[in-house]
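Trainee: With the sequence up front, the predicted model follows.
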Amino acid sequence: MKLDPITRANRPERRQVLMQEEDAAALINNGDVIIVGGFGTVNHPMPIIRALVRRNLKQLTVIGAATAGLEIDLLIGAGCVRKVIAPYIGAELHAPIGHCFRRAAEAGDIEVYETTEYLLYSQLEAAARGLGFMSWRGGVGTSIPELNPDYVPFNDPINGEPYLAVPALHADWAILHVGQADVFGNGQHGGARFGDRLLSRAAERVMLTAERIVPNSEIRKNPWATSVAYGDVVVEAPYGAHPFASHGFYVEDEDAIAEYVAASVSYRKGDMTAWNGYLQQRVRGPANHAAYLSTLRPDGLAALVNAVHA
Amino acid sequence: MAVALARDIVDGERIISGAHTEISFAAAMLAQKMHAPNIKLQLGGTCFLVNVSDLVVRLPKTSTDYRMLRWAEIAYDHMETFMYFGAPGGRAYYGGGRPCTNKYFVGDKFFAGGIQVDGEGNANMIGLKGEGRSPFRFRGPGSVGIPDIVTVATPYIFVTHHDRRTLVPKVDYVSMHGPKGWRRYKYPGHGPKWIITPRAIFTFGADGHVQLSGTFAGTSVDWVRENTGFPFVLDPGLSEIIEPTGEELDVLRQEIDPGGLLRH
């Protein structure tokens, strides 16, 4: 058998995965299945979301967080989405139902995959664990399995009680926002992680935006804080969740969210001029994340940071 | 054995090592220091150790040594081993052009022991069958996570004794299947790649039959026949395994195992 000696002579360097957000977004293609991390109005990887819109991607299947927010609403309004998999898309008091989501669903422009928080988690967990399916009781007997034939009622073989069998849900990418990361793809959240660890595990590849890049030694100081150790891509993105909050760093920019919501109301009402105006000003116009930030008032950003400790 | 295992590790792989970890830990660290800086080593009890080349200074005696956390980039709960913490695949990304395996594998390689191993590559950690009230005349340590982990990674079976008590015609109990059982029960992957002993390496042919593929220096085929309880054929590629080089031994002895744990 061939078992050649090993040597240090040709030892490669450890692989580094830091890149610019435009290069990162270019790794995602029309028709891909993407998972977008964060939760509600928190921790969404917005530089990548906006870059996907600038790329004018089409036919994406977008798997949202268990409580997905307006980041997915934006992708829908920008025409990037064919199918959306999320049990909620909205922003609570800011927008109880995502306006673009609502209009696109009502117009039949997107397919809505009817699900619940833990049916979705069960599907992602099945993918993460290499199983064909998982089982769950939530949704048994409701309209959800009627609307979603992927969910198959069965009686468990031990106690005979009714369950749903839910198939593994595979994704090409999970895109998450973390507090800090190193150049090797280790990411640490600055606060709540919501479903992000599972989301990262279910996808084939993981893309991180991070508030700051830190040395590897900083990551090793507290390995318990590392939520993702396998990022395939890391993008440095201070204020990368804006206009949403980044736990541990800054709170929601309510004015900017209100501006988005107003634009999305225009979309719902069919006023594409106002909607496209917003897209041009905030999403398509700025060439990258740095340019996006430069359109915001610096003292406004500082106030969002200070509010974390208020 | 550690050197042979290290030579078979490919850069970028995810290596899982359970309890009694010293040989596989040493193999993974040797590979990482030599040619494979991108491997990820997952230790059962505690943590992921990634690219610890410059940090590891001694072999741990157990897989739960708290001091290892200083070398880790991520630490996590043990039950999550089977859930959330397999590295994403993107294997083309790591080079070699292999397809993404994340959907099917937590790891790429795992090192499993056995108190008995048979020629089908079945391994037994449970015990030896008894005749009386107990199902055991010898009770083994238990199967730990081996039957679980091997469903998500390619195992290497290693035994520290090469004799007819260990390498038997048929195991009394099955903790882990060989390649035939793998196919029968539709496990992901291909089943055990090697049975490695201090004297030889067996592999499995395409139909699952066991074959002698390598002998360590000083071991003859006749010696292997005399000391192996299962029949085997000779791999057409059978050869003596190249002895550890000076560099391999230096790194192993000076940088990974200065305390000489592997020599005991």
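Mentor: Here it is on my side, so go on. Residues are numbered from 1 along each chain as shown, chains lettered A, B, ... in the order given.
Trainee: so what's residue B:212 up against?
Mentor: B:200-202, B:221, B:224, B:232-235, B:238 (CB atoms under 8 Å, 6 or more residues apart in numbering or on different chains). To be clear about C-beta, it is placed using only N, CA and C from the backbone, and glycine gets the same treatment.
Trainee: What about those, which are in strands?
Mentor: Counting by DSSP state E, the part of the contacts of residue B:212 found in strands is B:200-202, B:233-235, B:238.
Trainee: Please tabulate those residues in TSV, including the columns neighbour count, distance to residue A:11 and pLDDT.
Mentor: Putting those into TSV (neighbours: other CB atoms under 10 Å in any protein chain shown; distance: CB to CB, whole Å; pLDDT from 0 to 100) gives the following:
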residue	neighbour count	distance to residue A:11	pLDDT
B:200	24	29	98
B:201	26	25	98
B:202	24	30	98
B:233	11	37	98
B:234	12	35	98
B:235	18	30	97
B:238	17	30	97
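Trainee: Looking at those residues, which is nearest residue A:48?
Mentor: Nearest to residue A:48 among the ones in strands among the contacts of residue B:212 is residue B:201, at 46.6 Å by CB to CB.
Trainee: beta partners of the closest one?
Mentor: With DSSP bridges applied, residue B:201 shows beta-bridge pairing to residue B:196, residue B:214.
Trainee: That one against residue B:4, yeah?
Mentor: Yes: here residue B:201 reaches residue B:4: they are 6.6 Å apart, a contact under CB atoms under 8 Å.
Trainee: list the residues that contact both of the two?
Mentor: Contacts common to residue B:201 and residue B:4, judged by CB under 8 Å, 6+ apart, are A:3, B:214, B:241.
Trainee: closest to residue B:159 among those?
Mentor: The shortest approach to residue B:159 among the shared contacts of residue B:201 and residue B:4 belongs to residue B:214, at 14.9 Å (CB to CB).
Trainee: In contact with the closest one: list those residues for me.
Mentor: A:1, A:3, B:4, B:200-201, B:238-241.
Trainee: now residue B:67
Mentor: residue B:60.
Trainee: who touches the residue nearest the centre of chain A in this structure?
Mentor: Nearest residue to the geometric centre of chain A (CA atoms, centre = their mean): residue A:36, 1.5 Å. Going by CB under 8 Å, 6+ apart, residue A:36 touches A:44-45, A:49, A:62-65, A:68, A:71-72, A:175.
Trainee: Redo those as a markdown table? Include neighbour count, secondary structure and pLDDT.
Mentor: A markdown table is the format used below for the contacts of residue A:36 (neighbours: other CB atoms under 10 Å in any protein chain shown; DSSP: H, G, I helix; E, B strand; the rest coil; pLDDT from 0 to 100):
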| residue | neighbour count | secondary structure | pLDDT |
| --- | --- | --- | --- |
| A:44 | 32 | coil | 98 |
| A:45 | 28 | coil | 98 |
| A:49 | 26 | helix | 98 |
| A:62 | 28 | strand | 98 |
| A:63 | 29 | strand | 98 |
| A:64 | 30 | coil | 95 |
| A:65 | 28 | coil | 94 |
| A:68 | 28 | strand | 95 |
| A:71 | 30 | helix | 97 |
| A:72 | 29 | helix | 98 |
| A:175 | 31 | strand | 97 |
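Trainee: low-scoring stretches of the stretch 151-264 of chain B, by residue?
Mentor: Along the stretch 151-264 of chain B, the parts satisfying pLDDT under 70 run over B:151-152, B:264.
Trainee: Residue numbers of it in contact with chain A?
Mentor: Within the stretch 151-264 of chain B, the positions lying close to chain A (CB under 8 Å from any CB of the partner chain) are B:151-152, B:188, B:201, B:203, B:213-214, B:235, B:237-239, B:241-242, B:244-245, B:247-248, B:251.
Trainee: Can you tell me who the residue nearest to the centre of chain A pairs with across the strands?
Mentor: Judged by DSSP bridges, the bridge partners of residue A:36 are residue A:175.
Trainee: give me every residue that touches residue A:10.
Mentor: Applying CB under 8 Å, 6+ apart to residue A:10 gives the contacts residue B:35.
Trainee: What's the per-residue pLDDT of the residue lying closest to residue A:19 once chain neighbours are set aside here?
Mentor: Leaving aside its sequence neighbours, residue A:19 sits nearest to residue A:233 (CB to CB, 6 or more residues apart in numbering or on different chains; 5.9 Å). Predicted confidence (pLDDT) at residue A:233: the value is 94.
Trainee: Tell me which stretches of the chain form helices.
Mentor: Using chain A. For chain A, the helices defined by DSSP state H cover A:21-25, A:46-54, A:70-77, A:99-106, A:117-129, A:144-147, A:196-202, A:216-221, A:254-268, A:272-278, A:289-294, A:298-306.
Trainee: wrong chain, I was asking about chain B
Mentor: Counting by DSSP H, the helices of chain B are B:2-7, B:22-34, B:146-149, B:179-184, B:221-227, B:246-250.
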